[in-house]
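Student: Whatever this is, show me its structure:
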Amino acid sequence: MHLPKVGATYVQERLGIAAVQTYAARRQQIWRETGTGDVGVDGNLEFVNPEGFATSRIVAVQVKSGPSYFANPSDRGWKFYPEAKHRSYWESFPLPVLLVLHDPNSNISYWADVRQVLRSPGSAEKAFIEVSAHNILENTEAVALFETAGAQDQPFIEDLDGVLAKLLTTRSKEASFPLSHFDLFTHGLTNICRSICYGMDIVCNAVEYNLHAAGAPYGMGMGDTEHRFAFDFVKFMLAQGLAQIDYADCLIDWVDRQMQPHFVAPLTSRGRALVSLIHTEEARLVVEGKLPEGAGLHVAQEGFLAMVPESYFRRFPRIRAFQDAVDEIGPNPAQ
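Tutor: Numbering: from 1, shown residues only. Below is the predicted model:
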């Protein structure tokens, strides 16, 4: 009798998938395996917070299982050489993509955020993706897997009054850096209060005004502590679901370039409700005589955004000359 034989490749693949599924079950996360059309991801994980709520923070997962994936050691782990089609697919994927290498002999899995690697200027040009031996899946807290998806290790405040109170009371303790997270939220509102802008210009303008208003005899001081305080505001907005922030892109600035990110992000319906709550509280304080009339000004009101002409105006002639030159000689044949 002749029967079909199950190959070793199939067994190894299923061991890898099973390892991810087991991790999800033990960490109380949601695993959804791709049933059909697997062309670059085997499934996805959804972050379930410590309170047991599904958060819609999702990452895609590609599993590679077998000894061959550990044949190219690096200084910190192993080199994984993706095909060109997978590099492009993962880099442009709308969700973070985790690569999981599973060793069926030791039953240990290792992971890397490949979309983040492929989008980061410092590593995108390398032919390989390094998977660290320290990134053992079984030992990784769930929130760490979802970092670039925006998951934050802080409690969700259900009551918007509590969110507003937290913004108001979260203040820098440094005298030369008088700033609250409420400053950053209200100073950053733009696009008819449908979006929020964040960047060093927002931070510096708020701090310098507060120093001036307090009559401080010194200027702004900003070191690592102050930078972290400002960036914590970005994390807070994500944790409270106030804005649709591309946190993966923020981390390229914050981690790779060691600078504050700059972005304009749409407010969520919850963020817009917070704006309305600030309007309500402002009106109450005016009625009670604790705040003067604003004469058309409001605490939560849009600010206009524009590029600084001095930073690019001098390039206008060169931009035009470049286009004229291309028109004259035609496009590069190599392209």
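Student: Could I get the contacting residues of residue 268?
Tutor: By Cβ atoms under 8 Å, 6 or more residues apart in numbering, the residues touching residue 268 are 241, 242, 243, 244. Backbone N, C-alpha and C define where each C-beta goes, glycine included.
Student: what's the next secondary structure element after whatever helix or strand residue 211 lives in?
Tutor: Residue 211 is located in helix 200-213, with elements delineated by DSSP states H and E. Using DSSP H and E, the helix or strand that follows helix 200-213 towards the C-terminus is helix 224-239.
Student: Give me the buried positions along that next one.
Tutor: By neighbour count on 16 or more other Cβ atoms under 10 Å, the buried set for helix 224-239 is 226-227, 229-239.
Student: And it, what does it pack against?
Tutor: In terms of contacts (3 or more Cβ pairs under 8 Å, 6 or more residues apart in numbering; DSSP states H and E), helix 224-239 is packed against helix 181-188, strand 195-198, helix 247-251.
Student: how far does stretch 216-231 sit from the chain's center?
Tutor: Stretch 216-231 sits 23 Å away from the centroid of its parent chain (Cα atoms, centre = their mean, to the nearest Å).
Student: mind checking the end-to-end distance for that stretch?
Tutor: 24 Å (Cα to Cα, to the nearest Å).
Student: Quick check: which of the helices and strands packed on helix 224-239 is nearest to residue 44?
Tutor: helix 247-251 (15.4 Å; Cβ to Cβ).
Student: who touches that closest one?
Tutor: Here helix 247-251 makes contact (Cβ under 8 Å, 6+ apart) with 96, 115, 116, 119, 147, 148, 149, 150, 234, 238, 261, 263.
Student: repeat that for 10 Å
Tutor: When contacts are defined by Cβ atoms under 10 Å, 6 or more residues apart in numbering, helix 247-251 is touched by residues 57, 95-96, 113, 115-116, 119-120, 146-152, 198, 231, 234-235, 237-238, 254, 257, 260-263, 265.
Student: any low-confidence regions in the chain?
Tutor: Under the criterion pLDDT under 70, the flagged ranges of the chain are 1, 3-8, 37-38, 124, 333-335.
Student: give me that answer again for 90
Tutor: Residue ranges of the chain with pLDDT under 90: 1-13, 35-40, 51, 121-127, 306-312, 328-335.
Student: That one: strands as residue ranges?
Tutor: Shown for the chain, the strands assigned by DSSP state E span residues 30-33, 43-48, 54-65, 77-80, 97-103, 108-113, 129-132, 189-190, 195-198, 263-266.
Student: Now render the ones you listed as JSON lines, adding mean neighbour count.
Tutor: Below are the strands of the chain laid out as JSON lines (neighbours: other Cβ atoms under 10 Å):
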{"stretch": "strand 30-33", "mean neighbour count": "14"}
{"stretch": "strand 43-48", "mean neighbour count": "20"}
{"stretch": "strand 54-65", "mean neighbour count": "20"}
{"stretch": "strand 77-80", "mean neighbour count": "19"}
{"stretch": "strand 97-103", "mean neighbour count": "24"}
{"stretch": "strand 108-113", "mean neighbour count": "22"}
{"stretch": "strand 129-132", "mean neighbour count": "20"}
{"stretch": "strand 189-190", "mean neighbour count": "20"}
{"stretch": "strand 195-198", "mean neighbour count": "22"}
{"stretch": "strand 263-266", "mean neighbour count": "17"}
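Student: I'd like those strands laid out as TSV, including distance to residue 205.
Tutor: Converted to TSV, the strands of the chain look like this (distance: least, Cβ to Cβ, whole Å):
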stretch	distance to residue 205
strand 30-33	42
strand 43-48	34
strand 54-65	32
strand 77-80	43
strand 97-103	37
strand 108-113	34
strand 129-132	40
strand 189-190	13
strand 195-198	11
strand 263-266	16
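Student: so residue 60 touches residue 94, yeah?
Tutor: Yes - contact status for residue 60 versus residue 94: in contact at 8.8 Å, counting by Cβ atoms under 10 Å.
Student: what touches both of the two?
Tutor: Counting by Cβ under 10 Å, 6+ apart, the residues touching both residue 60 and residue 94 are residue 115.
Student: before we move on, the earlier item: figure out which of the helices and strands packed on helix 224-239 is closest to residue 213.
Tutor: Nearest to residue 213, of all the helices and strands packed on helix 224-239, is helix 181-188, at 11.5 Å by Cβ to Cβ.
Student: Would you mind listing the buried residues in that closest one?
Tutor: 181, 182, 183, 184, 185, 186, 187, 188.
Student: Just list what that helix packs against, helices and strands only.
Tutor: Under the contact criterion of 3 or more Cβ pairs under 10 Å, 6 or more residues apart in numbering; DSSP states H and E, helix 181-188 touches helix 160-169, strand 195-198, helix 200-213, helix 224-239, strand 263-266, helix 269-287.
Student: So for residue 309, which of these sits nearest?
Tutor: helix 200-213 (15.3 Å).
Student: Now do that closest one against helix 224-239: the angle between them, please.
Tutor: Orientation check (axes from the mean of the first three to the mean of the last three Cα atoms, to 10 degrees): helix 200-213 against helix 224-239 gives 120 degrees.
Student: Any idea how many residues pack against the closest residue to residue 274 other than its chain neighbours?
Tutor: For residue 274, ignoring the flanking residues on the chain, the nearest one in space by Cβ to Cβ, 6 or more residues apart in numbering is residue 160 at 5.7 Å. By other Cβ atoms under 10 Å, 17 other residues sit near residue 160.
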